[in-house]
Structures are given as structure tokens and as C-alpha cells.
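Engineer: Sequence plus predicted model, see below.
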Amino acid sequence: MPATTRAEAPFIRFEGVRKEYADGTVAVPGLDLDVREHELLTLVGPSGSGKSTLLRMVNRLVEPSAGRVLLDGRDVGDQDPVQLRRGIGYVIQDVGLFPHRTVAQNVATVPRLLRWEPARARNRVAELLELVGLDPAVHGRRYPHELSGGQRQRVGVARALATKPQVMLMDEPFGAVDPEGRRALQSEFRQIHDDLGTTVVLVTHDIDEAVTLGDRVAVLRQGGHLEQVATPVTLLTRPASAFVEDFIGGSRAVRLLGLTTLRREDVRPAAAPGRAAPAAPAGTVQLGDRLDTAFAALVAGDDGAVPVLDEHGSPVGTLTFDRLYSALRRAYATEHVAAREVRPHREPDADLTGPGRA
Ligand SMILES: Nc1ncnc2c1ncn2[C@@H]1O[C@H](COP(=O)(O)OP(=O)(O)OP(=O)(O)O)[C@@H](O)[C@H]1O
């Protein structure tokens, strides 16, 4: 039974953690950061900003020089590292699959160490491979070199999930995958996370990945200084420092389009709402669509206006460039990210989208 079950209670707490390596490099200068239960927190920053160091202090691959890391209220420094790691999923860029073991054997690594019954392990492996979009009968028997890069990453995720860990640590998990495969993996992983409710800390140097995947985003700069911890929209609309603003770059509005969804109030109402859906729904958008999708539909159309349908497919009005602009302004003003407003979790009262500390 976890000691902390309320969403606002931190599941992982970095308390004054500092890491100075043997050669005198200070990777993390003394940092406080909370990760809430069930949330997906992304750690983003330039190369050498201490992201991996911070992550690896959770599973004791790196020991802090000062401060401590609490996991579910317990200092990880007091726990046996091997036991600790068996309860934490860990996914790294090059996956680290065992080359001479099949995919199924790789995924079953920890269950085997835990001496699960073979049938139980087999069932779990099949379930996990399906979860990450691989066919157990086909891919389970293959060796890692017989898979694509994206498929190998999927196996890495499946392996990390094998024992239903409460925590997943992911270090550039999709870094080696081509951009298209990467987007697919990101959205599938986001779905898996929403379904399982696992607490995830994910390291990336890619700000787009950070804001697309994270419930909150922690931005680090050189020397391991924490610049801002905030929801993606707060980060994009109210960067806390010049560094964050610079790191986000010039495409804040474009990124915000991908995080905001179309609402009824954004639409110019139809004269006679509720009539049958148009014959060509391909040229329409729907309430709840992301604004970048709506923008693409507007651009593809001829007249700067597209019909908008409600969730039942009935027309509710029209979207124009003006209206789209208003919706974007709304996002700036109210920080609404509809895609993240309701998230299925094991705890229905969990509010994970509250403002960060920034
Ligand atoms: N074992 C080590 N010994 C000495 N210095 C190290 C060691 N590991 C990391 N560092 C240094 O600590 C700093 C932070 O490194 P870290 O790998 O945590 O950063 P990062 O943000 O994850 O970088 P990247 O995005 O390039 O992986 C860097 O200056 C790095 O050179």
C-alpha cells in the first residue's frame, strides 16, 4: 500500500540533491523537485544540463553527493539497489536489449528474475507486446537485430513495464527513432501512460517532445539549474526566464496550436444548427480537434472557412481564420489544454494538471 496516495503528494521527491562527479564537475548543484503520482514529467534542457544525472539518482545508478531522493516517501539511499531497480522501469535510448535473446525472452527478463511461473510470464509477455503494438506470435520469436529501431524501442518499453512498475524512468527513449516513427511512438506511449497511470520521468532534449508528452515540464540549464517547472501551456505562454524563452524558440504559437483543442465557443454558430452532417466530412473539423488540425483544414479549403461538427457529427457552425486566432488567444489567456483536462486514472479525483511551481 503506497504511503502517498493523493495526487498532490509527491511520488518522487528530489530534496536538495547535488551531484559532483569525481573530477569536480558539478552536474546538479542542489535541487528540489517533486514528481506527482501518476504524472508524466518531462525533463528537458540542453546537452550537459544534468538531466540524465538527475534521472539516474532515482534508481541509484548515480549516488547524490548531497541531499536525497524519496520514492513514495522512502529514501532510495536506504534501499537495496537491486530490489529498488526491479520495481522501477528504466528505458534508455539504445534500449539495451540482450542481443542473443528473443524479444519474448527480453521482455520476460525481470519476471524470470522474480521466478514467476512460466505460464504467467508468457501471458504477461504476450499482453505487453500487444500493448506496445507488436504481434507476440510474430515478433516475440525474433531477435533484436531482426527488428526496426522503432520496434526495438517498443520492446524496451514493454520490458520496462513487465512487472507493472509504479515508476518509469525514460532517458531519451525515442531518440534513436526517425521523426515519423517517433511521433507515432510518442502518441502511443502517451496513451499507454494514460491507461496505466504509471508515474513517469522522461528525459529529452527536444522541447516539442517535452511539451507534447509532459503533464508538466521541468526545464534545466547548464550546470543543472532548474529554470521552470510548469504545465506545457504555462511554459509556452509564460516562460519564467530569458533562458526558457530562448530554449522554447520562435515557434511558441505553433506549438500551442498543437496543445489546444477547438471548443464550441470558438465556432461561428450555424444559422440552423443540428442538420445532417455534410456529405464530405473530410473537409470538416470536429469540436475537440487540435487547433493545428483545424488550421490544416482551413489552409486546405478554398474559402477560409470550414464546417465544424459536434461529437455526433451534426454541424454546429463554421471555423474561420479569425475564429482560430481567437481560440489561440484564449489558450494564451486561460491556459486551457483540453487534451489534458480530463485524464483517466485509477484515482478519479486526481488533479494532475495544476500549475507548476513556477
Ligand atoms: N561520470 C561522469 N564523470 C564526470 N562528469 C560527468 C559524468 N557523467 C556526466 N558528467 C558531466 O555532468 C554534466 C551533466 O551530464 P548529464 O549526462 O547528466 O547531462 P544531460 O543533460 O543528460 O546531457 P545529454 O543531453 O547530453 O545526455 C555534464 O557536464 C557531463 O559532462
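Structural biologist: Arrived safely.

Engineer: C-alpha only now, for contacts and for neighbours.
Structural biologist: Noted.

Engineer: which residues in the stretch 101-250 of the chain form strands?
Structural biologist: 167-171, 199-204, 216-221, 225-230 (DSSP state E, counting those that start in this stretch).

Engineer: list the helices and strands the first one packs on?
Structural biologist: Strand 167-171 is packed against helix 51-58, strand 88-92, strand 199-204, with contacts defined by 3 or more CA pairs under 8 Å, 6 or more residues apart in numbering; DSSP states H and E.

Engineer: coming back round to it: just the strands of the stretch 101-250 of the chain: most buried one?
Structural biologist: strand 216-221 (a mean of 26; mean count of other CA atoms under 10 Å).

Engineer: Dump it to CSV, keeping only the CA atoms.
Structural biologist: Written as CSV, here are the backbone C-alpha positions of strand 216-221 (Å, rounded to 0.1, in the frame of the first residue of the first chain):
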residue,chain,number,x,y,z
ARG,A,216,4.4,19.1,-16.6
VAL,A,217,7.8,20.1,-18.0
ALA,A,218,10.9,20.8,-15.9
VAL,A,219,13.5,22.9,-17.8
LEU,A,220,17.1,22.6,-16.8
ARG,A,221,20.0,24.7,-18.0
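
Engineer: does it come close to the ligand?
Structural biologist: No - applying CA under 6 Å from any ligand atom, one finds strand 216-221 separated from the ligand by no less than 7.8 Å.

Engineer: Write out the residues of the stretch 1-150 of the chain neighbouring the ligand.
Structural biologist: 21, 23, 25, 27, 46-53.

Engineer: what sits against the nearest residue to P64 once chain neighbours are set aside?
Structural biologist: Of all residues not flanking P64 in the chain, K19 sits nearest, at 5.1 Å (CA to CA, 6 or more residues apart in numbering). By CA atoms under 8 Å, 6 or more residues apart in numbering, the contact list for K19 reads 26-30, 53, 63-66.

Engineer: Neighbouring strands of the helix or strand where K19 lies in the sheet, and parallel or not?
Structural biologist: Following DSSP states H and E, one finds K19 within strand 10-20. Using DSSP bridges, the strands paired with strand 10-20 in its sheet are strand 26-36 (antiparallel), strand 66-71 (antiparallel).

Engineer: Can you list the buried residues in it?
Structural biologist: Within strand 10-20, the residues scored as buried using 16 or more other CA atoms under 10 Å are 10-20.

Engineer: Can I get those residues in TSV including distance to G317 and pLDDT?
Structural biologist: Listed next are those as TSV, based on distance: CA to CA, whole Å; pLDDT from 0 to 100:
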residue	distance to G317	pLDDT
P10	44	88
F11	44	94
I12	46	96
R13	47	96
F14	49	97
E15	52	96
G16	53	96
V17	53	96
R18	55	96
K19	56	96
E20	59	96
